[in-house]
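Asker: can't give you the sequence, but here's the structure:
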């Protein structure tokens, strides 16, 4: 907020009253004062009383001037979820054409819709409402890239739907190569024609290269994860205006060594390298690339923290579930500890002016109610595992994109052609 001050007020002048008139006047003014103090706080709480914060039915005041929020002194990752019945109206619905069927939870049979009415309220400041028209104008003639695993895709689809609200003719938003959005494993590039803006997603669960075993590798090695060699997609991203990376969900033994994927550094395979050590090395490879290719004054690079999963009573392939969760977590003791992958990401970002953390972990940890669970896309076998890692859309990833927007506003983001 700027340093403008309110104009000085002049004290009102009064005529001389009798004692009786003065008493009546003071009583009247006192009643007005009490009324003004009580009414703003007279909204009704819902049935649940949060130990993590209070939950209220509450209408958010309109934000008319985006520029007044461009320099917040705020940690947007700290706060609480508040009930706001107007919130879904601001965004989009499941008819958005850029959503995978698996994220359309209501269309897939989910009856409750309260998970869409929660709005993230940071401590000590206001999170700016996502303004699609403003974002589009700031991004004109630009390129925005999301790269990572399917959780990053979840966020990217949310972003497409949120941004499309600023375009009246949705037919002027299209995939540049005619590719369908569903079940696609490579990369997708959507053009917002009126703004000459491309918004891209690259599927890179590990960010680094997956390769064939080198000569002489043990037979148990079916492939290698080259922790010192980035995927060739990275060559495409020089000159991008905004890059949003995520990772960590595939960095576990189930999706690496147990599948025959071991870690390679240089020309040799290290059969004893720990998964988290390998993740750390890959992050350092990513860091070197960012430092060599991006300028903190011109480019905007983010790395998302880990998005929690909420499997209970077992893992994803052992009957774990989350379909009973209808409201956010209310017990502090159920909040999970900071995942190790977050500590590694924080370490690699330390001292980097050209990249910053998009911290979504804590706010997402509370939202155990936000997953598709058993409400998966049509055609999914009845006995298929529940999905407690991805998120319903509209839903929690919309808040991740509001945080992204807030950080960009704080940095006075504009593409080079709009400055």
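Answerer: Structure received. Note that this is a predicted model, so its numbers are computed, not measured.
Asker: Might one say that residue 415 is in contact with residue 138?
Answerer: Yes: contact between residue 415 and residue 138 holds when scored by Cβ atoms under 8 Å: they sit 6.9 Å apart. C-beta here means a position set from N, CA and C on the backbone, and glycine is covered the same way.
Asker: Mutual contacts of these two, please.
Answerer: Common contact partners of residue 415 and residue 138 (Cβ atoms under 8 Å, 6 or more residues apart in numbering): none.
Asker: I'd like to know the average pLDDT value across stretch 112-132.
Answerer: The average pLDDT within stretch 112-132 is 93.
Asker: whoops, stretch 373-390 was the one
Answerer: Stretch 373-390 comes out at a mean pLDDT of 93.
Asker: That stretch spans what distance, first to last residue?
Answerer: With Cα to Cα, to the nearest Å as the measure, the first residue of stretch 373-390 is 9 Å from its last.
Asker: Return, as residue ranges, the portions of the stretch 101-250 of the chain with sub-threshold pLDDT.
Answerer: Per-residue confidence for the stretch 101-250 of the chain (pLDDT under 70) gives these ranges: 183-184.
Asker: show me where it has helices.
Answerer: Using DSSP state H, counting those that start in this stretch, the helices assigned to the stretch 101-250 of the chain run over residues 132-138, 150-164.
Asker: so what secondary structure elements neighbour the last one?
Answerer: Contact analysis of helix 150-164 by 3 or more Cβ pairs under 8 Å, 6 or more residues apart in numbering; DSSP states H and E lists helix 132-138, strand 143-148, strand 187-192, strand 197-203, strand 242-245, strand 300-304, helix 396-410 as its packing neighbours.
Asker: OK, contacts around residue 190?
Answerer: Residues counted as contacts of residue 190 (Cβ under 8 Å, 6+ apart) are 98, 160, 173-176, 198-200.
Asker: what's the offset of stretch 168-182 from the middle of its chain?
Answerer: Taking Cα atoms, centre = their mean, to the nearest Å, one finds the center of stretch 168-182 at 23 Å from the center of the full chain.
Asker: For residue 313, find the nearest of the helices and strands packed on helix 150-164.
Answerer: Residue 313 sits nearest to helix 396-410 of all the helices and strands packed on helix 150-164, at 21.8 Å, using Cβ to Cβ.
Asker: so that closest one versus helix 150-164, what angle?
Answerer: Counting by axes from the mean of the first three to the mean of the last three Cα atoms, to 10 degrees, helix 396-410 lies at 70 degrees to helix 150-164.
Asker: And helix 396-410, what's buried?
Answerer: Under the neighbour-count criterion of 16 or more other Cβ atoms under 10 Å, helix 396-410 has 396-410 buried.
Asker: ok, how many other residues are close to the closest residue in space to residue 405 that isn't next to it in sequence?
Answerer: Counting by Cβ to Cβ, 6 or more residues apart in numbering, residue 405 lies nearest to residue 130, which is 5.3 Å off, once chain neighbours are set aside. For residue 130, the neighbour count with other Cβ atoms under 10 Å is 22.
Asker: Phi first, then psi, for residue 130.
Answerer: phi -60, psi 120 (degrees, to the nearest 10).
Asker: show me the contacts for it.
Answerer: 90-91, 162, 398, 401-402, 405.
Asker: thought residue 392 was touching residue 114?
Answerer: No: here residue 392 lies out of contact with residue 114, judged by Cβ under 8 Å, at a distance of 11.5 Å.
Asker: What ranges does the chain have for its strands?
Answerer: Along the chain, counting by DSSP state E, strands occupy 79-83, 118-122, 143-148, 173-175, 187-192, 197-203, 208-211, 223-230, 242-245, 261-265, 268-270, 300-304, 356-358.
Asker: possible to save these as TSV with distance to residue 371?
Answerer: TSV is the format used below for those (distance: least, Cβ to Cβ, whole Å):
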stretch	distance to residue 371
strand 79-83	15
strand 118-122	14
strand 143-148	18
strand 173-175	27
strand 187-192	23
strand 197-203	20
strand 208-211	27
strand 223-230	28
strand 242-245	21
strand 261-265	27
strand 268-270	35
strand 300-304	17
strand 356-358	20
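Asker: For residue 108, which of those is the nearest?
Answerer: Closest approach to residue 108 among those is made by strand 118-122 (20.0 Å; Cβ to Cβ).
Asker: and the closest one with strand 79-83, angle?
Answerer: Going by the same axes, to 10 degrees, strand 118-122 makes 150 degrees with strand 79-83.
Asker: Now do the buried residues in strand 118-122.
Answerer: 118-122.
Asker: And stretch 210-223, by the same measure?
Answerer: Using 16+ other Cβ under 10 Å as the test for burial, stretch 210-223 gives 213, 217, 221, 223.
Asker: Which among the helices of the stretch 101-250 of the chain is found nearest to residue 373?
Answerer: The closest of those to residue 373 is helix 150-164. By Cβ to Cβ, the value is 14.6 Å.
Asker: Pull out the buried positions in the closest one.
Answerer: Neighbour-count burial for helix 150-164, counted by 16+ other Cβ under 10 Å, picks out 150-164.
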